[in-house]
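> heads up, no residue letters with this:
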């Protein structure tokens, strides 16, 4: 069971100006406090629709897990209502304050139709504790936070920031950076239309007609906000692999020999297939120019049709030798480059903030791109605080032996972002 999120059944209403808390909403907040202390009365609190998706026993297991982590619930904290049916409720536990987004039905009796845990502020939390908790995860981790200034990044906190890590779909930020560079140089326009020419496995665009006309902006948005693989592969090959590869040193990647050439998603996972074991070993042991030649010579074997996604969906597959590699310092440098040159790429990065809306709302701007697959997780944030200061926050977790507890990593990165937001006010 995911520890830090309950299924949000209905999309949250757009945040409106903060309203006074209505008595009925306050009553549900009080009742939430009671339910977190002890089991019972769930059917009076939640709608039937919610309990169909999240049965009572699952809810009780989650509340028990919260008590194990944070101690007993002590009192109701702040209650904020953002509209007629949606708001945020804070509960003070012995060792943390936990935030919930709560959505109630508009019709009487106003039962809860949506609930999501949106983060926990631990008592006496600090960045050293957070980094130590990240470091304690099984496998390898790397982490960095930097203030972004006109004279370069100023490091605030880090752990193994030079370690090259598998970063999954984070590589799509390099494609976005090359597109932003081309637009800035006048070589491309965001409104340019190209065909959806390279379908890959997974993603909404997989169902689109072959060669459907798409703007560069639409492809970039699907690639970043939805991590659509067809959008990424189409953009990479349309912009040119040579130009995509050149953006890595331009944006500050320190060890490009390990990272180049930047693979399409279809190529990467085709190389992971058991039938391509010999080809994979040759690729991993070659220099970048030899790898490029291998990709050209074996293009027919390395497309999406060769990928049996079931064979790599459950366990880590060659993540230490065949991946998209970058260190936290590389990611910070890339995010800083995008801050300065991204232009219309920055709103695209902000479509999906990567963390719960209530936590994202602590920032004036929050751009995000992460990546995950079995054994790999990376989260990269470009943020601007309320006082105008820019930051980059990046972390990666690799374990070639087992799947990762992804909600646990999201919670740790959210803690880091929330603590940074509090100290930046």
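Good, I have the coordinates. Remember, predicted model here, so these are calculated numbers, not experimental data.
> Name the helix or strand of the chain that has the lowest mean pLDDT.
Lowest by mean pLDDT, DSSP states H and E among the helices and strands of the chain is helix 357-360, with a mean of 78.
> Could you look up the next helix or strand downstream of it?
Helices and strands here follow DSSP states H and E; after helix 357-360, the next one along the chain is strand 365-373.
> tell me the angle of the next helix or strand along the chain from that following strand relative to strand 365-373?
As assigned by DSSP H and E, the chain's next helix or strand after strand 365-373 is strand 376-384. In terms of direction (axes from the mean of the first three to the mean of the last three CA atoms, to 10 degrees), strand 376-384 departs from strand 365-373 by 170 degrees.
> what helices or strands is strand 376-384 leaning on?
strand 165-166, helix 328-341, strand 365-373, strand 390-398, helix 406-423 (3 or more CB pairs under 8 Å, 6 or more residues apart in numbering; DSSP states H and E). Every C-beta, even on glycine, is put in place using the N, C-alpha and C of the backbone.
> Just the strands from the stretch 101-250 of the chain, written as ranges.
112-122, 140-149, 152-159, 165-166, 193-195, 213-215 (DSSP state E, counting those that start in this stretch).
> Of all these, which one comes closest to residue 397?
Among the strands of the stretch 101-250 of the chain, the nearest to residue 397 by CB to CB is strand 140-149 (5.0 Å).
> residues in contact with the residue nearest to residue 156 when sequence neighbours are not counted?
Nearest residue to residue 156, sequence neighbours excluded (CB to CB, 6 or more residues apart in numbering): residue 145, at 4.5 Å. For residue 145, the contact set (CB atoms under 8 Å, 6 or more residues apart in numbering) comprises 127, 155-158, 391-394, 416, 420.
> Tell me which residues touch the residue lying closest to residue 271 once chain neighbours are set aside, please.
Nearest residue to residue 271, sequence neighbours excluded (CB to CB, 6+ apart): residue 280, at 4.7 Å. Shown in contact with residue 280 (CB under 8 Å, 6+ apart): 271-272, 318, 321-322.
> Filter those down to the ones in helices?
residue 271 (DSSP state H).
> which one of the contacts of residue 280 has the most neighbours?
Counting neighbours by other CB atoms under 10 Å, residue 271 leads these with 27 neighbours.
> Now do the strand or helix carrying residue 52, average pLDDT.
Following DSSP H and E, one finds residue 52 within helix 48-53. Averaged over helix 48-53, pLDDT sits at 94.
> Identify the residues contacting it?
By CB under 8 Å, 6+ apart, helix 48-53 touches 7, 9, 42-43, 59, 111-115.
> Could you list the low-pLDDT ranges of the stretch 101-250 of the chain?
For the stretch 101-250 of the chain, no stretch has pLDDT under 70.
> try 90
116-125, 201-203 (pLDDT under 90).
> Now do the helices in it.
Here the stretch 101-250 of the chain has its helices, by DSSP state H, counting those that start in this stretch, at 127-135, 172-185, 216-225, 229-239, 241-250.
> most packed of the ones you listed?
Most buried of those, by mean neighbour count (mean count of other CB atoms under 10 Å): helix 229-239, with a mean of 25.
> Helix 216-225 and that helix, what's the angle between them?
Angle of helix 229-239 versus helix 216-225, following the same axes, to 10 degrees, is 130 degrees.
> So which elements touch helix 229-239?
Packed on helix 229-239, when contacts are counted by 3+ CB pairs under 8 Å, 6+ apart, are helix 172-185, strand 193-195, helix 216-225, helix 265-271.
> 10 Å - rerun?
For helix 229-239, the packing partners by 3 or more CB pairs under 10 Å, 6 or more residues apart in numbering; DSSP states H and E come out as helix 172-185, strand 193-195, strand 213-215, helix 216-225, helix 241-250, helix 265-271.
> Nearest to residue 92, out of those?
helix 216-225 (34.5 Å).
> picking that back up, turn the contacts of residue 145 into a markdown table, columns for distance to residue 213.
Shown next, in a markdown table, are the contacts of residue 145 (distance: CB to CB, whole Å):
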| residue | distance to residue 213 |
| --- | --- |
| 127 | 47 |
| 155 | 45 |
| 156 | 45 |
| 157 | 45 |
| 158 | 44 |
| 391 | 38 |
| 392 | 35 |
| 393 | 37 |
| 394 | 35 |
| 416 | 41 |
| 420 | 42 |
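> Just among the residues you listed, which is most surrounded?
Highest neighbour count within the contacts of residue 145, by other CB under 10 Å: residue 394, with 30 neighbours.
> what's the spacing between the closest residue to that residue other than its chain neighbours and residue 158?
Nearest residue to residue 394, sequence neighbours excluded (CB to CB, 6+ apart): residue 331, at 4.1 Å. Distance of residue 331 to residue 158, given as CB to CB, to the nearest Å: 12 Å.
> what's the answer for residue 411, then?
Separation of residue 411 from residue 158 (CB to CB) stands at 20 Å.
> repeat for residue 60
40 Å.
> Residue 360 too?
In this structure, residue 360 and residue 158 are 23 Å apart, going by CB to CB.
> For the helix or strand that residue 65 is a member of, name the packing helices and strands.
Using DSSP H and E, residue 65 falls within helix 56-70. Secondary-structure packing of helix 56-70 (3+ CB pairs under 10 Å, 6+ apart): helix 23-37, helix 42-45, helix 48-53, strand 73-81, strand 86-93, strand 96-104, strand 112-122.
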